[in-house]
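Engineer: whatever this is, show me its structure:
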Amino acid sequence: MKANQASFPITRMARLLGVSRAGYYAWLGRPLSARAEEDAALLRRIRTVHATSRQTYAALTVHAALRSAGIRHGRKRIARLMRSTGLVGASHRRGGPVTTRRDDSSRPAPDLVDRNFTASGPPLWQGSCPAP
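Structural biologist: Okay, the predicted model is just below:
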């Protein structure tokens, strides 16, 4: 609502969203929850570890580094905070297998066997197998 208050009145947006106008203003002035404050402090530590690793550590390694420093939090919580801020580790894996790609501008290889792959018709059934 705060992002759109220049375009629309707060009363109309509150009515459309099903909240009271007073409730919106109460929420706006409310301080952060304890969990949000803890997340902000942990995110600062995560950014420090990630920056000192030259942005190579992913969530698993950041978790291990924080744990060795005595800061114990869940790996999934660290991964969630890193994902929400766009922090990613460096991946040493390259793409899939590299296969030979044919050069369309070059001449195709000659057919040295000179085989004919055109069928004159469907195959004839031989033996005791019934025809489909």
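Engineer: low-scoring stretches of this protein, by residue?
Structural biologist: For the chain, the stretches with pLDDT under 70 are 125-132.
Engineer: what residue lies at the spatial centre of it?
Structural biologist: residue 83 (8.3 Å; CA atoms, centre = their mean).
Engineer: quickly list the domain ranges of this structure.
Structural biologist: 1-30, 33-91 (automatic domain parsing).
Engineer: which strand or helix spans the residue nearest to the centre of the chain?
Structural biologist: Using DSSP states H and E, residue 83 sits in helix 75-85.
Engineer: one more: residue 32?
Structural biologist: Using DSSP H and E, residue 32 sits in no helix or strand.
Engineer: wait, it touches residue 41, no?
Structural biologist: No - counting by CB atoms under 8 Å, residue 32 sits too far from residue 41 to count as a contact (11.0 Å). Heads up, the C-betas are built off the backbone N, CA and C, glycines and all.
Engineer: alpha carbons only: can I get the longest helix anywhere in the chain in PDB?
Structural biologist: Longest helix in the chain, counting residues (DSSP state H): helix 34-52. Listed next in PDB are the C-alpha coordinates belonging to helix 34-52 (Å, rounded to 0.1, in the frame of the first residue of the first chain):
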ATOM      1  CA  ALA A  34      12.200 -10.200  17.500                       C
ATOM      2  CA  ARG A  35      12.600 -12.800  14.800                       C
ATOM      3  CA  ALA A  36      13.000 -10.100  12.100                       C
ATOM      4  CA  GLU A  37      15.600  -8.400  14.200                       C
ATOM      5  CA  GLU A  38      17.500 -11.700  14.700                       C
ATOM      6  CA  ASP A  39      17.300 -12.300  10.900                       C
ATOM      7  CA  ALA A  40      18.800  -8.900  10.200                       C
ATOM      8  CA  ALA A  41      21.700  -9.500  12.700                       C
ATOM      9  CA  LEU A  42      22.200 -13.000  11.200                       C
ATOM     10  CA  LEU A  43      22.100 -11.600   7.700                       C
ATOM     11  CA  ARG A  44      24.900  -9.100   8.600                       C
ATOM     12  CA  ARG A  45      27.000 -12.100   9.700                       C
ATOM     13  CA  ILE A  46      26.200 -14.000   6.600                       C
ATOM     14  CA  ARG A  47      27.200 -11.100   4.400                       C
ATOM     15  CA  THR A  48      30.500 -10.800   6.300                       C
ATOM     16  CA  VAL A  49      31.300 -14.500   5.800                       C
ATOM     17  CA  HIS A  50      30.200 -14.500   2.200                       C
ATOM     18  CA  ALA A  51      32.300 -11.400   1.500                       C
ATOM     19  CA  THR A  52      35.500 -12.700   3.200                       C
END
